[in-house]
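Peer 1: Pasted the sequence and its predicted model underneath.
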Amino acid sequence: MAAHEYNPDEVRKRRIRGRRKKNFREWCIFTGYLTPSLLGVLLFFFGPMLIVLVQSFQRSATNTEFVGVDNYVNVWNNQAFRSAAKNTLIFAGLAVPLAVLLSLLLALLLSSKLPGKSAFRSIMLNPMMVPVASIVLIWQVMFSYNGAMNTYMGWFGIDKIDWMKSDWSRLVILILFLWKNLGYNMVLFISAISAVPQEQLESAKMDGAGAVRRFFSIKLPYLWPTIFFVGIMSLINSFKIFREVYLLTGDYPVDALYMLQNFMNNMFSHLDNAKLTAAAIIMCIAMIIIVGALFIAENRLGRDTEE
Amino acid sequence: MKKNEITPLQLRNESVHHEEGEHDHGSIRDIQEVEIVRLSDEEIERRNAKGRAEAKRRAKVHKITGRIWMVLGLILAIAVAIFALMPIVLTILDSFMSTDEIKTNYSAVYNSLSSAAAETKTYLSTTPKLKMIPDSVSFSQYKTLLFLSPTYLLKFWNSVALVVPIVLGQIIVGCLASYSFARYRRKRREVLFFSYVILMLMPFQVTLVPNYLIANKLGIYNTWWAIILPGIFSTFSIFLLSKYMRQIPSSYIEAAKLDGANEWNIFTRICLPMCKSAIYAMAILLFIDYWNMVEQPLILLEDAGKQPLSVFLSQINASEVGVAFAASFIFMVPPLLIFLYGEQYLVEGISRSGIK
């Protein structure tokens, strides 16, 4: 430390001052570039989120009496909220694993020696670009009670199913979800598969490992981060499924399709501020827990494969 | 094959066999114990030929199974491709049916959707025909939409006027912010970045409530600004762009600094050009996301006149089946054109977003 004997303190101070100056300059640049975004995010998201938090403890928008966790209890016990949460979770529980699995299979297929791979990729990515509102018509033609699907099934002697007005509607929405999201996930997986080191695959092949063995022992460990990423993206998209439900069935869907967004829309139209804010906070916390758990799981698994 | 006939030459043959995937378990231990006997040349030749024939047979089987798998894969891929394209193609083809033809084919479908009371009526056709080719190509749907009913074009314009500012604004704000996140990483700033990511992951069910509150407070509720402003400051683009910008080698930036470039020059001359494909990809993703929006206008816009086409289409679908297909098709044209033009950027952008 005492490199310069004449005045070590002075040198150290100057060095610290220099570093501080550089740090300050960096901080200024950082803040400068971030400011537009940060101001907007504070004004439109984080700031009002605080207001939401405060209001969730108040009687109503006009009556600011503090009521503790009453609103939360009300929302939690609300039958509509419960069934909306249940439906949303059931849908996510079906849609996310299927979306991950099927798109991984498609990506493996398109990563093998298949003629016309890039054409297939384009075609399968295409649905992602098509607005749901545009193809809803075809879905209605297919799945309404007098629709094409029932007609086709009639040829094989299968009874008509009232697709949109029974629990089958989950399946209809699921197919629409997969139609829309498989392409995007598949592209993610294709790029992850192409990043798997070829030498390892080659040498495993030399040692007589079959295709299945090679996938589980070599490819899969490299794919875990992408699987998680795709899982999180699919989860986010599965929470947006209200869009498809609304476009297919309008304001009043069958019970099985009553999603959290439907519940929120009802609260908006009733101007029920207390329930609205409490529900938003509950969902926010639930979301943080789910995503946090996924991140932690990913870190654990990621560490395993690195060793 | 008797074990005591094995020679060093045989040993070599064995290893050759082994590489071809034959699992011959005459292990080294056995071999060391045997007495060495010389094989005649014919015998060696005979055995080699046998091995070669075996290898050939295996290669053939391998080739055939490979081909079978490929055909199966191809069939699967074609099936998925048909599944992917079918709704789009059907919509386009049906948009060229005349209004009467649509009503003939599909009225049963739509009436059964709209109300139960309709079941007492009789239809021209009780079973709908999912028809590929229109009987006669007709532009009547387009004529009605584009020239006879101005509301449709108005909604189309609404969509454009909402989406374009959001995409441009979010790209500009997002580029600036992701540059600062990518270039100056500190622990405390990571917390901020993480909260941005969390915000990005929040579903509409959560974010629309604060948006609604602030729109009311600022007095922009029921105007386009209530959708455009939160859209511009949404953090979706920042996640992907800053991931991309972190991959720029710092040597580039150091070199530019030595040449006297200031921070703004580094940003505009190095960072932005190098992230061009990511920015295009982001713009495409944002465009399709907001072109498709339903949740925000439903809650933040009260006037039906201000609603974008995405919401309005669901009403057209129900009430005017005769023109709905053409309306749907026109609505999907802009994103499809963008896709045709920018597919490679999109694919590259998506691909890179998944890699850590």
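Peer 2: Happy to help now that I have it. Numbers count the residues shown, from 1 in each chain, chains lettered A, B, ... in the order given.
Peer 1: is the strand or helix carrying B:Arg46 anywhere near chain A?
Peer 2: B:Arg46 belongs to helix B:41-94 when assigned by DSSP states H and E. Yes. Remark: helix B:41-94 sits within contact range of chain A at B:70, B:73-74, B:76-77, B:80-81, B:83-88, B:90-91, B:94, by C-beta under 8 Å from any C-beta of the partner chain. In short, each C-beta sits where N, CA and C put it, glycine included.
Peer 1: So which of these is surrounded by the most neighbours?
Peer 2: Neighbour counts for these (other C-beta atoms under 10 Å in any protein chain shown) peak at B:Asp94, which has 26 neighbours.
Peer 1: B:Lys103 and B:Glu320 touch, don't they?
Peer 2: No. Between B:Lys103 and B:Glu320 there is no contact under C-beta atoms under 8 Å: 10.3 Å.
Peer 1: Now do the phi/psi pair for A:Gln58.
Peer 2: phi -110, psi 160 (degrees, to the nearest 10).
Peer 1: how far away is the nearest residue to it once chain neighbours are set aside from A:Cys284?
Peer 2: In this structure, A:Gln58 finds its nearest non-sequential neighbour in A:Thr64, 4.9 Å apart by C-beta to C-beta, 6 or more residues apart in numbering or on different chains. Applying C-beta to C-beta, to the nearest Å, the value for A:Thr64 to A:Cys284 is 21 Å.
Peer 1: Tell me which of the two has more neighbours.
Peer 2: The residue with more neighbours, out of A:Thr64 and A:Cys284, is A:Cys284; 22 against 12, by other C-beta under 10 Å.
Peer 1: if we can go back for a sec, may I ask you to confirm that the residue nearest to A:Gln58 belongs to a helix?
Peer 2: No. Secondary structure assignment (DSSP: H, G, I helix; E, B strand; the rest coil) places A:Thr64 in coil, not in a helix.
Peer 1: And for A:Leu94, the neighbour number?
Peer 2: The number of residues packed near A:Leu94 is 16, by other C-beta under 10 Å.
Peer 1: let me redo that: A:Met153
Peer 2: 13.
Peer 1: returning to that earlier point: which other helices and strands does the helix holding B:Arg46 contact?
Peer 2: For helix B:41-94, the packing partners by 3 or more C-beta pairs under 8 Å, 6 or more residues apart in numbering or on different chains; DSSP states H and E come out as helix A:79-111, helix A:117-129, helix A:132-143, helix A:169-194, helix B:8-19, helix B:321-354.
Peer 1: Let's see that with 6 Å instead.
Peer 2: helix A:117-129, helix A:132-143, helix B:321-354 (3 or more C-beta pairs under 6 Å, 6 or more residues apart in numbering or on different chains; DSSP states H and E).
Peer 1: for the record, mean pLDDT for that helix?
Peer 2: Helix B:41-94 carries an average pLDDT of 88.
Peer 1: got the angle for that helix vs helix A:132-143?
Peer 2: On the basis of axes from the mean of the first three to the mean of the last three C-alpha atoms, to 10 degrees, helix B:41-94 is oriented at 100 degrees to helix A:132-143.
Peer 1: Give me the angle between helix B:41-94 and helix A:169-194.
Peer 2: Helix B:41-94 and helix A:169-194 meet at an angle of 130 degrees, taking the same axes, to 10 degrees as the criterion.
Peer 1: quick one: low-confidence ranges for the stretch 151-300 of chain B?
Peer 2: Counting by pLDDT under 70, the stretch 151-300 of chain B contains no low-confidence segment.
Peer 1: Spell out which parts of it neighbour chain A.
Peer 2: Contact residues, the stretch 151-300 of chain B versus chain A (C-beta under 6 Å from any C-beta of the partner chain): B:173, B:176-177, B:179-180, B:184, B:199, B:201, B:203, B:205-206, B:209-210, B:213-214, B:230, B:233, B:263, B:288, B:291-292, B:294, B:299.
Peer 1: Which members of these occur in helices, if any?
Peer 2: B:173, B:176-177, B:179-180, B:199, B:201, B:205-206, B:209-210, B:213-214, B:230, B:263, B:288, B:291, B:299 (DSSP state H).
Peer 1: quick one: the helices in the stretch 201-307 of chain A?
Peer 2: In the stretch 201-307 of chain A, the helices defined using DSSP state H, counting those that start in this stretch lie at A:211-214, A:220-239, A:242-249, A:260-270, A:273-306.
Peer 1: What does the nearest residue to A:Val67 once chain neighbours are set aside show for phi and psi?
Peer 2: In space, and not counting its chain neighbours, A:Val67 is closest to A:Arg59: 5.2 Å by C-beta to C-beta, 6+ apart. For A:Arg59, the backbone dihedrals (degrees, to the nearest 10) come out as phi -60, psi -50.
Peer 1: Look at A:Arg59 and say how many residues are nearby.
Peer 2: Residues contacting A:Arg59 under the criterion other C-beta under 10 Å number 15.
Peer 1: surely B:Ile228 meets B:Val163?
Peer 2: No. Counting by C-beta atoms under 6 Å, B:Ile228 does not reach B:Val163; the two are 9.2 Å apart.
Peer 1: These two - which one has more neighbours?
Peer 2: B:Val163 (24 against 21).
Peer 1: how close does that one get to B:Asn292?
Peer 2: From B:Val163 to B:Asn292 the distance is 9 Å (C-beta to C-beta).
Peer 1: Just list whatever residues bridge to A:Phe66.
Peer 2: A:Gln58 (DSSP bridges).
Peer 1: What about it, how many residues nearby?
Peer 2: For A:Phe66, using other C-beta under 10 Å, the count is 9.
Peer 1: Out of the helices and strands packed on helix B:41-94, indicate the one that is most buried.
Peer 2: helix A:132-143 (a mean of 25; mean count of other C-beta atoms under 10 Å in any protein chain shown).
Peer 1: what does the stretch 101-250 of chain A put close to chain B?
Peer 2: A:109, A:114, A:120, A:123-124, A:126-127, A:129-131, A:133-135, A:137-138, A:141, A:144-148, A:151, A:187-188, A:191-192, A:208, A:225-226, A:229, A:236, A:239, A:243, A:246-247.
Peer 1: Identify, out of the helices of the stretch 201-307 of chain A, the most deeply packed stretch.
Peer 2: helix A:242-249 (a mean of 24).
Peer 1: pLDDT score for the spatially closest residue to B:Ile288 that is not a sequence neighbour?
Peer 2: Excluding its sequence neighbours, the residue lying closest to B:Ile288 (C-beta to C-beta, 6+ apart) is B:Pro335, at 5.2 Å. Per-residue confidence (pLDDT) for B:Pro335: 92.
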